[in-house]
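Trainee: When you get a sec, could you give me coordinates for this:
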Amino acid sequence: MGKAETLERYRKLNLSAPRGGIVFAGSSLMEQFPIERFAKEDGINVLNRGISGYVTKELLENLNICVLDLAPSRLFINIGTNDLSQKECSPALLMERYAEILGRIRDALPKAEIFVMAYYPVNPDVASGGMREVLRVRSNDKINGANALLPALCTRFGARFIDVNAPLKDALGRLKAEYTTEGMHINEQGYRAVYPLFKQYLTCN
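Mentor: As a prediction, this is how the structure comes out:
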């Protein structure tokens, strides 16, 4: 399903979706996270509004459908890894783009709890073909540089920075090979590994 089709599906789902709940937003690493199913197993209702391929600009343009129309009381956001795949996008530039998104959310939802997630690691050693080229740009060094800047961004907008990456990393800080098929996206086993850390934020008061 393409971006436009996914966005339209969310628009329709939003018409009957409950307001004031828990929402996840971002790009493919969020869309592919089976968080709705995992949380439901624990009796927790979550709405996932991630869209594969999204960059910060696209989320900003469609923030109403992906976030604001649902008026979440608690929002988990992970956006910008696709920006980091662009050679011209430095971690500092990404923070400027991210700030626009968080600013709009905070203005519209002043009481919402916002959890900004650390960017997940990658593993170029298990990548092949075009993905190998992508991960030469979207390297762990670049990802770590962006993660180092996120806490200050969160402070600026009254958000909370959370890092659930520890179970995903091998001894060299790469995404564990068994948790990915192409070095970047995470399989269900990997998401299962981080879910226990997520759960504490889903249920905290």
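Trainee: Tell me the pLDDT of N205.
Mentor: Here the pLDDT value assigned to N205 is 66.
Trainee: do G2 as well
Mentor: So, for G2, pLDDT stands at 92.
Trainee: Then the one 10 residues further on?
Mentor: Per-residue confidence (pLDDT) for K12: 97.
Trainee: List the buried residues for the helix or strand hosting it?
Mentor: Secondary structure from DSSP states H and E places K12 in helix 3-14. In terms of neighbour count (16 or more other Cβ atoms under 10 Å), helix 3-14 has its buried residues at 6-7, 10, 14. Using the backbone N, CA and C atoms, a C-beta is placed for each residue, glycine as well.
Trainee: For the residues you listed, give me JSON lines that also has distance to L168.
Mentor: Shown next, in JSON lines, are the buried residues of helix 3-14 (distance: Cβ to Cβ, whole Å):
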{"residue": "T6", "distance to L168": "25"}
{"residue": "L7", "distance to L168": "28"}
{"residue": "Y10", "distance to L168": "27"}
{"residue": "N14", "distance to L168": "31"}
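Trainee: Need the max-distance pair from the residues you listed.
Mentor: Spanning the widest gap among the buried residues of helix 3-14 are T6 and N14, at 12.6 Å by Cβ to Cβ.
Trainee: Please report phi then psi for M117.
Mentor: Per-residue torsions, M117: phi -90, psi 140 (degrees, to the nearest 10).
Trainee: Tell me how far the residue found closest to it once you drop the neighbours it is linked to in the chain lies from D125.
Mentor: Of all residues not flanking M117 in the chain, N78 sits nearest, at 4.1 Å (Cβ to Cβ, 6 or more residues apart in numbering). Applying Cβ to Cβ, to the nearest Å, the value for N78 to D125 is 23 Å.
Trainee: out of those two, which sits in the more crowded spot?
Mentor: Remark: of N78 and D125, N78 carries more neighbours, 20 against 13, as counted by other Cβ atoms under 10 Å.
Trainee: show me the contacts for the more buried one.
Mentor: N78 makes contact with 24-27, 29-30, 50, 116-117, 119-120, according to Cβ atoms under 8 Å, 6 or more residues apart in numbering.
Trainee: Let me see the contact set for V164.
Mentor: Listed by Cβ under 8 Å, 6+ apart, the contact partners of V164 are 117-118, 194, 197-198.
Trainee: Please produce a markdown table containing those residues, extended by neighbour count.
Mentor: Formatted as a markdown table, these follow (neighbours: other Cβ atoms under 10 Å):
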| residue | neighbour count |
| --- | --- |
| M117 | 24 |
| A118 | 19 |
| V194 | 20 |
| L197 | 14 |
| F198 | 21 |
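Trainee: Nearest to G43 among these?
Mentor: Checking these one by one against G43 (Cβ to Cβ), the nearest turns out to be F198, at 14.8 Å.
Trainee: tell me the SS of the closest one?
Mentor: Each residue gets one of three states, and F198 gets helix by DSSP: H, G, I helix; E, B strand; the rest coil.
Trainee: so it makes contact with P34?
Mentor: No - judged on Cβ atoms under 8 Å, F198 makes no contact with P34 at a distance of 11.5 Å.
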